[in-house]
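In: the following comprises the amino acid sequence and a computationally predicted model.
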Amino acid sequence: MKIVDQTYSWQMLGQKSSLWQMKCHFSIFQSHTDVHTVVVTDMGFELSWFNPCITETLVDHITQRFDLTPANLIWLEQYNSDYRALTGTDFSQVVFEWRNGKAKAPQWLTIDPKV
């Protein structure tokens, strides 16, 4: 069941201490168990923003804001130049090491388009 479907914005320091305005769309689904699946879609505001530092910051923001349990979290990223068009998209699952409640060392696992 989808429990959240919204755009999310935040600011973070980028290269050379510049302030980046980050924006994505995400949905949170909850299964009949306590597992939550978060699907994050790049809205194309920053080039290549799905990188370790930004992904760690985003997952920390969302898990804290929505009180999600890291051990029961599935994190999926959707890459698409036009986030409104759901054709031709690619997905990855991102797995993290959790240290003191913070996401570290993300690893991207490609999801076969047939799945």
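Out: Done, it's in.
In: for this protein, give me the ranges with low pLDDT.
Out: Scanning the chain for pLDDT under 70 picks out the ranges 14-15, 43-51, 80-89.
In: now the helices: where do they sit in it?
Out: Using DSSP state H, the helices assigned to the chain run over residues 52-65.
In: show me where it has strands.
Out: Assigned strands in the chain, in chain order: 2-13, 19-30, 36-42, 73-79, 90-99, 102-110 (criterion: DSSP state E).
In: can you tell me which residue sits nearest the middle of this protein?
Out: Geometric centre of the chain, nearest residue: residue 40, 4.1 Å, by Cα atoms, centre = their mean.
In: show me the beta-bridge partners of that residue.
Out: Under the criterion DSSP bridges, residue 40 forms beta bridges with residue 26, residue 77.
In: contacting residues for it?
Out: Going by Cβ atoms under 8 Å, 6 or more residues apart in numbering, residue 40 touches 24, 25, 26, 58, 75, 76, 77, 78. C-beta here means a position set from N, CA and C on the backbone, and glycine is covered the same way.
In: switch to 10 Å and redo it
Out: Residue 40 makes contacts with 8, 24-28, 50, 55, 58-59, 62, 75-79, 94, as judged by Cβ atoms under 10 Å, 6 or more residues apart in numbering.
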